[in-house]
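In: need coordinates for the following:
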Amino acid sequence: MEKGGTALISVIMVTFQSMQVLSWCLESLEKCSSSNELEIWMVDNHSQDGTWEWLERYTKGKYNKPFADIHLLRLNDNMGYAYANNIALKRARGDYFLLLNPDTLVSENAIQVCVEKIKSDPSIGAITCRLQLGNGEMDNACHRSFPTLWNSFSYFSGLSKAFPQSSTFSGYQLTYLEKSGSYPVDAISGAFLMLTKVVYDTIGGLDEDYFMYGEDIDYCYQLKRKGFLVWYEGSVTTIHFKGGNGGKKSKASLKHFYESMIIFLQKNYKEYYPIWLIQLMTIIIKFIYFIKLNE
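Out: Alright, predicted model coming up:
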């Protein structure tokens with residue numbers, strides 16, 4: 001669909017109990033430099049807080065919005081983040097797809113810069129910008145290494161926090177790297193994850209075994225196995241208000257968080273580690289979950 005140097009960008013947002021943050025996110029998209037090239041897909045995971053009704057009111061005034069188009073889809077049940085994204089990905093018409101959390105504020109040039117970067121290098125399978133939390137600190141989930149046994153040990157033992165500038169101990173969250181830099185990483189966050197339609201046609205959608213959490217790092221893992229780069233572009237930012245999309249650390253979300261670790265471990269690491277070690281790691285993850293659940 002690229003014509004005259006412009007491209008349609010499909011922005012896909014999954015909402016769940018998101019009414020309080022939606023207006024901020026959509027206003028930031030309206031003001032971004034690529035707004036008239038954006039096709040917006042809103043997939044609601046059966047919210048009960050008025051999110052769907054708010055979206056219907058917003059869409060009725062869409063003729064005043066600068067977007068190329070906007071689409072609403074409501075699911076009859078919450079089938080998970082990956083499932084909801086896949087519904088829109090199958091329908092999206094863009095040359096580029098952007099998975100975006102509704103609890104974000106996108107800076108003016110973030111989308112444009114990421115499109116230009118991924119367009120300039122066909123080896124890049126997915127790209128993100130620098131994510132900042134509401135308090136101004138970096139959301140370290142936006143550039144990570146894969147959770148190898150050593151990286152996981154360093155993270156959970158506290159060594160990475162004690163030595164944030166050490167490449168040996170901070171290999172998971174990569175806190176020793178320049179935040180405003182531009183470089184390949186293993187994995188990025190699904191809060192802002194851009195890919196091309198060509199890459200989507202090659203890899204497919206997100207793994208629906210993950211209900212919430214983990215699907216982004218797994219997708220990056222599949223990209224790298226296919227030979228694509230995963231890119232971090234720190235020159236532009238997006239603010240990420242974590243927890244604004246039904247993802248607060250409730251008992252249910254905590255359960256999904258640790259379950260995603262086990263799914264990733266058992267799905268992707270059996271060819272690298274012996275079965276007994278996979279089983280041991282599974283037990284350790286369940287133990288950590290039990291401790292967190294009872295804190």
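In: and residue 261, that's in a strand?
Out: No. Read with DSSP: H, G, I helix; E, B strand; the rest coil, residue 261 is helix and lies in no strand.
In: can you check the pLDDT for it?
Out: Note for residue 261: predicted pLDDT of 93.
In: what does residue 31 give?
Out: pLDDT at residue 31 comes out at 93.
In: which residues does it contact?
Out: Neighbouring residues of residue 31 by C-beta atoms under 8 Å, 6 or more residues apart in numbering: residue 108. Just so you know, the C-beta spots here come from the backbone N, C-alpha and C atoms, and that holds for glycine as well.
In: next, give phi and psi for it.
Out: Backbone geometry at residue 31, expressed as degrees, to the nearest 10, gives phi -90, psi -10.
In: using CSV, write out the CA atom coordinates for stretch 25-43.
Out: Extracted in CSV, the C-alpha atoms of stretch 25-43 (Å, rounded to 0.1, in the frame of the first residue of the first chain):
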residue,chain,number,x,y,z
CYS,A,25,-3.1,7.3,24.3
LEU,A,26,-5.4,8.2,21.4
GLU,A,27,-4.7,11.9,21.9
SER,A,28,-1.0,11.2,21.6
LEU,A,29,-1.6,9.2,18.4
GLU,A,30,-3.7,12.1,17.0
LYS,A,31,-0.8,14.4,17.6
CYS,A,32,2.0,12.2,16.2
SER,A,33,3.6,13.1,12.9
SER,A,34,2.3,9.9,11.2
SER,A,35,-1.3,10.3,12.4
ASN,A,36,-2.9,10.4,8.9
GLU,A,37,-1.1,7.2,8.0
LEU,A,38,-2.5,5.3,10.9
GLU,A,39,-5.2,2.6,10.7
ILE,A,40,-6.4,2.0,14.3
TRP,A,41,-7.7,-1.4,15.4
MET,A,42,-9.2,-1.5,18.9
VAL,A,43,-9.9,-5.0,20.3
